[in-house]
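> based on what follows, work out the 3D shape:
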Amino acid sequence: MDVVSDAISTVRIGRPSSNRVRTSGRWCTRLAPYDGAGFHVVMEGSCVLLPDDGAPVPLAAGDAVLLPHGAGHVLADSRAEESDRRRAVAFEEWADGTYPHRGAVGCEASAVELLCGKYRLDRSRMHPLLGELPTVVHLPNRVGAHPELRSAIDLLGRELGGLRPGAGIAVPGLLDLLLVYMIRSWMADAATGAWPAALGDPVTAAALRALHSEPAAPWTNDRLAAEAGVSRATLARRFTALVGRPPMAYLTWWRLTFAATLLRDTTDSLSAIARRCGYGTPYAFSHAFNRQFGTPPGRYRDRAQPAGEAR
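Numbers count the residues shown, from 1 in each chain. Down below sits the predicted model:
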């Protein structure tokens, strides 16, 4: 797999949820901080997002916004100001996947239609690429920009517009696509950031692809440098500067992070997981795993929640 796919698959647990909401007039609602990631897409009209810590973000029709760290925030009609943080009403239904709102209170205003949803994440294995995402990722609707994201939004909107055969499979799949496309769009637009730069650098990107494609391979600095087509010194310098750690240190971290995902999501034996992650014996694997996660792999598996189990 590639870095972005692996970064998402290691933290994603359970099934994403979403719904479509329409409201009008003066309205305001607060979404409490959430141990996951949330998103909103404005299908019609306009509104404003007020992060608990940050500047207001005006949202127009076609805009998408991702809150990758589950930050608390207020959504309100476009006339809302910072004072609306105080009058917003916290609610519990968000944790259950619904999206309550405060409707019109006697004044005329254009209707607003939103797609809203969330992803459950296990942050104990957060890839630094995802950790680098800002609190609010605003993706404005610009002509010609991010066509894959626009297509996913259109398809998801249609699926959520009514009861359609197969929606139970189509919607979760489209939500997974939406997350990938929002992260891709951020990377394409990012003016700064180590990971967009790392994946845009041909040497570092080639090395990362190799490590993620075959984490169990007997990698050395020399072999990885040959894979990237540069000298060992060049690879070490460019990889470390962009990724934040040397190639072999990153490989160790990724092998054990991958192992934690296998422990959570599969019933494979410790021997099988050790082999898939590049360790010659279960003992060597257990020792390394305990050093990184502070618990033996067997105990980690016992405590891990199955991916499909609801909270």
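> mind checking which helix or strand of this protein has the lowest mean pLDDT?
Using mean pLDDT, DSSP states H and E, helix 84-87 stands out as the lowest-scoring helix or strand of the chain, at a mean of 50.
> listing partners with orientation, what would you give for the following helix or strand past that one?
Following helix 84-87 in sequence order, the next helix or strand is strand 112-121 (DSSP states H and E). Note on strand 112-121: by DSSP bridges, its sheet partners are strand 12-23 (antiparallel), strand 36-44 (antiparallel).
> residues in contact with whatever helix or strand comes next after strand 112-121?
Helices and strands here follow DSSP H and E; after strand 112-121, the next one along the chain is helix 128-131. Outside of helix 128-131, the residues within contact range by Cβ atoms under 8 Å, 6 or more residues apart in numbering are 3, 4, 7, 8, 11, 68, 183, 194, 195, 243, 244. Every C-beta, even on glycine, is put in place using the N, C-alpha and C of the backbone.
> can you rerun that using 10 Å?
Applying Cβ atoms under 10 Å, 6 or more residues apart in numbering, the contact partners of helix 128-131 are 3-4, 6-8, 10-11, 37, 68-69, 121, 123, 183, 187, 193-196, 198-199, 208, 243-245, 250, 253.
> residue 17 against residue 118, yeah?
Yes. Counting by Cβ atoms under 10 Å, residue 17 does reach residue 118; the two are 5.9 Å apart.
> who's more crowded, the two?
residue 118 (22 against 19; other Cβ atoms under 10 Å).
> which element is residue 4 on?
helix 3-11.
> residues of that helix that come out buried?
3, 4, 6, 7, 8, 10, 11 (16 or more other Cβ atoms under 10 Å).
> could you export the residues you listed as a markdown table, including distance to residue 51?
Shown next, in a markdown table, are these (distance: Cβ to Cβ, whole Å):
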| residue | distance to residue 51 |
| --- | --- |
| 3 | 28 |
| 4 | 25 |
| 6 | 28 |
| 7 | 23 |
| 8 | 23 |
| 10 | 26 |
| 11 | 21 |
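> which one of those residues is nearest residue 127?
Residue 127 lies nearest to residue 7 out of those, by Cβ to Cβ, at 3.6 Å.
> that closest one reaches residue 183, doesn't it?
Yes. Between residue 7 and residue 183 a contact is recorded at 8.2 Å, counting by Cβ under 10 Å.
> low pLDDT regions in the stretch 201-311 of the chain?
Residues of the stretch 201-311 of the chain meeting the criterion pLDDT under 70: 305-311.
> residue ranges for the strands of the chain, please.
Taking DSSP state E, the strands of the chain run over residues 12-23, 28-31, 36-44, 47-51, 57-59, 64-67, 73-77, 112-121, 137-139.
> and residue 41, how many neighbours?
Residues near residue 41, counting by other Cβ under 10 Å, number 28.
> can you pull the contacts of it?
For residue 41, the contacting residues are 18, 20, 59, 61-66, 113-117, 139, 141, 149, 152-154, 156-157, 178, 182, by Cβ under 10 Å, 6+ apart.
> could you check the pLDDT of it?
pLDDT for residue 41: 94.
> any idea what it is bridged to?
Assigned bridge partners for residue 41, using DSSP bridges, are residue 64, residue 115.
> how near is it to residue 174?
Note on residue 41: its distance to residue 174, by Cβ to Cβ, to the nearest Å, is 12 Å.
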